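Colleague: any chance you can model this:
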Amino acid sequence: MTGVTIENDPYATRPWLASYPAYALPDIDEKSYSTLVAMFRTAVDDFADRPAIDCFGKSQTYRELSAAAEAVGSWLQSRGLKKGDRVAIMSPNLASYPAVIYGVFLAGGVVVNVNPLYKPHELEHQINDSGARFIFVLENFAHTVAEAWPSMKIEQAILLAPGDLLGLKGMIVNAVSRWVKRAVPSFRLPGSIPFSEVIEAGRRRPLEHVETSRDDIAFLQYTGGTTGVAKGAVLLHRNVASNVEQAVAWLRPVTNDQQIMVTALPLYHIFGLTACCLTMARIGACCLMIPNPRDIGGFVKTLRGARFTMISGVNTLYAGLADHKDFGKVDFSALVFCLSGGMATLDATARKWKQITGKPIVEGYGLSETSPLVCLNQLGLDEFSGAIGYPSASTYVTLRSEKDGAPVPFGESGELCVKGPQVMAGYWKRPKDTAEAMTVDGFFRTGDIAVMKPDGSFKIVDRLKDMILVSGFNVYPNEIENELALHPQVKEVAVIGVPDPHSGEAPMAFVVPREGDLDEKELREFLHERLTGYKRPKYYAFRDSLPKSTVGKILRRELRDEYMNRGAKAAKAGRAAGAA
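Modeller: As a prediction, this is how the structure comes out:
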C-alpha cells in the first residue's frame, strides 16, 4: 500500500454531496451527543411517556425503560462492575434487551453482543476473548452457556425470560414459553439468577453516577476474520453516537412524528442494534419487537395488528414476508420507510415488495467496523436503485486499486475504503489485524469492490475478501474448513460462497475424501453440533483434487470461477433448449 493521502485523492472532493437532498448537511456536529449515555438520558427526558418498546402486544414507555435500565446498572455495580468491564448479552429481540444495554452503559460497562444460536465453542471464544464478567442469556439458550461454562472465565449468568418487564402479559408469555421449552435440553448454571431478581434488587439501591467520555468503549462487536477467528471491533461511544447522528441527519423528514420501527433484525447484529435500538431512541420512536422473525406466519400476524411506519431488514426477511399468503392483508397506509442492508437486495424481491406495499426498498451499506452506516440511498426513491447510495454526512469514501493502493479514476472499480467518525478504534487486542485493516492514511479497508456512478452513489460489484454473506451475516471459509478438516475421512476441503435465491449467498464445500465412503449426509451430521446453522454448507461437491498454486495454496477463486462458468453454461443450454 503506497502512501496515498486524501489530499491527492479525487474522491476527497466528495462529489456525492451534489446529490444530497436539500435538507441534508454535509457534516454532522459530532459533539452534539458525546456519548450513548447522554443520548439515552435526553431521549428519556424528551419522550418519557412515549412507548419505547412494544413486545408481545405490551408496550413499555421511555420512563419505564429508564427505570429498568437503572435497576440493571445498579445491580451490576453491586456485584463489583467497574468502568470498562465487559458484559455479554445472548438473546433474541425482547423487551429486556434494550434495558440491559442501557443498564450496562449507565454502570460504566461495555456491551458484548452474542448470537444466541452460537455453539458452545463459538461462545467460549467470544466470552474469553472479550473478558466478559457477566452474561445475560435467554433461558431457552442457557444450555449452551452451561455446556461452555467450565471453559469460560465468567462470574455469573443472569437468566432472561421472554416476558420480562411486561407485567401480567409477561407472566402469560413466560408460562407459554416454559411449556414449549420442555423440548429444550436441561441445564445447570451454578450461581445463576433470574432477571426478575436483578430488577428487584437493583431498584433497592441508587445507581452510582459514572462519568462516561466520548472515547470510552461502548461495544465489542464481534465479526469474523479471514483466519476464521472472530474479532471484536472496538466501537467507542463517539463512533456509535456519531453514526446515530449520521442516520438521523438523513432521516430528518420523517423524525417529527413518532415512528414505529418493525424490529425484526436481531439487536445482537450491528444493523439492528444501531438502526433500530439506538437510532429509534434518539428520535423517540417505538421498536416493535419481533422475537422470532423466522416464524413468518407469526410475524405477519403481528404486523396485521400494528400500524407500523418503518421496517428494516435484509433480503431474506423481505422475501419471506412478501411470499407469505397473508402479507397482502397487512395495513401499509402508515408505512414511510423500508430500509435494507446487510446483504445485496435482489431485484425480484424489491419488485414484489413494492407491488404489495406500495413502498420501495431503500438500500444502505455498512459493516460492524463502521458502526455500521456508511452509505444510504435517498428516502424519496420511487423505485429500488440497486446501488448502496451516498456516503453519509462527515464520511469520506475512496476507491483504491488492489495492486498499489492508489485511488482509481471515476468510473473504475476499486476497493471501497472509509474514513469518518463512525469507524472503529480497532480490533480488540489485535494490533496486527487492525493495522492490516487500515490504509496508511487512515481509511478502513472494507474488502468490497465498488464503483462510483455519475451521480456520486456507489454500487458494490465484487468482494475482495473470501467472506460469504449469508442473510446479512458474515461467514468466513476458514472457520468452516477448519471444522470439516476434523472429520477423519476428509483429506482436503475448500469452501466458497455461491449465489442463493433465499439467503443471497450460501457456503459450498468442495471435499476431497480419504479412502473409504463419505457422503453429504455424514458431513451435515458432523457439523450440526459444531457450527451455527447459517455457517453450515448448503451445498457439497466431492472431488479427486482441488486447484492449488505453485506453493500449494488452495485457490478458492478458481473454484468460484468454475462454479459460475458452469452455471452460465447451464443457463445458456437451457435457453437454447427452450428456443428449440
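Colleague: touching stretch 295-303 from outside, list them.
Modeller: 262, 264, 288, 290, 292, 293, 320, 321, 324, 326, 327, 330 (Cβ atoms under 8 Å, 6 or more residues apart in numbering). (Each C-beta comes from the backbone N, C-alpha and C, glycine too.)
Colleague: now stretch 45-60: mean pLDDT?
Modeller: Averaging pLDDT along stretch 45-60 gives 97.
Colleague: what comes up buried for it?
Modeller: For stretch 45-60, the neighbour count (16 or more other Cβ atoms under 10 Å) marks 47, 50, 51, 52, 53, 54, 55, 56, 58, 59, 60 as buried.
Colleague: who does the third one form a beta bridge with?
Modeller: Applying DSSP bridges to residue 51 gives these bridge partners: residue 61.
Colleague: got the contact list for it?
Modeller: Contacts of residue 51 by Cβ under 8 Å, 6+ apart are 59, 60, 61, 286.
Colleague: now with 10 Å, please.
Modeller: With contact set as Cβ atoms under 10 Å, 6 or more residues apart in numbering, residue 51 has these partners: 58-62, 64-65, 258, 260, 284-288.
Colleague: can you map out the strands along the stretch 101-250 of the chain?
Modeller: 110-114, 134-138, 156-160, 193-194, 217-223, 231-236 (DSSP state E, counting those that start in this stretch).
Colleague: picking that back up, distance to residue 409 added to the buried residues of stretch 45-60, as a markdown table?
Modeller: Shown next, in a markdown table, are those (distance: Cβ to Cβ, whole Å):
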| residue | distance to residue 409 |
| --- | --- |
| 47 | 48 |
| 50 | 49 |
| 51 | 51 |
| 52 | 48 |
| 53 | 49 |
| 54 | 50 |
| 55 | 51 |
| 56 | 54 |
| 58 | 56 |
| 59 | 53 |
| 60 | 53 |
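Colleague: closest one to residue 393 out of those, please.
Modeller: Closest to residue 393 out of these is residue 47 (23.6 Å), distances taken as Cβ to Cβ.
Colleague: how many other residues sit next to the spatially closest residue to the closest one that is not a sequence neighbour?
Modeller: Of all residues not flanking residue 47 in the chain, residue 284 sits nearest, at 3.6 Å (Cβ to Cβ, 6 or more residues apart in numbering). A count of nearby residues for residue 284, using other Cβ atoms under 10 Å, gives 20.
Colleague: please look at residue 284 and residue 39 and confirm they touch.
Modeller: No - between residue 284 and residue 39 there is no contact, the gap being 11.5 Å when judged by Cβ atoms under 10 Å.
Colleague: how about the helices in the stretch 251-400 of the chain?
Modeller: Remark: helices assigned in the stretch 251-400 of the chain by DSSP state H, counting those that start in this stretch are 270-272, 279-282, 296-304, 315-323, 347-357.
Colleague: look up phi and psi at residue 496.
Modeller: Dihedral angles of residue 496 (phi, psi; degrees, to the nearest 10) stand at phi -130, psi 170.
Colleague: against residue 160, how distant is it?
Modeller: From residue 496 over to residue 160 the distance is 37 Å, taken as Cβ to Cβ, to the nearest Å.
Colleague: give me the more crowded residue out of these two.
Modeller: residue 160 (28 against 24).
Colleague: you'd agree the more buried one is up against residue 97?
Modeller: Yes - the criterion here is Cβ under 10 Å, and residue 160 meets it with residue 97 at 8.3 Å.
Colleague: any residues in contact with both of the two?
Modeller: Common neighbours of residue 160 and residue 97 (criterion: Cβ under 10 Å, 6+ apart): 89, 91, 136, 138.
Colleague: against residue 162, how distant is the last one?
Modeller: Per Cβ to Cβ, residue 138 is found 7 Å from residue 162.
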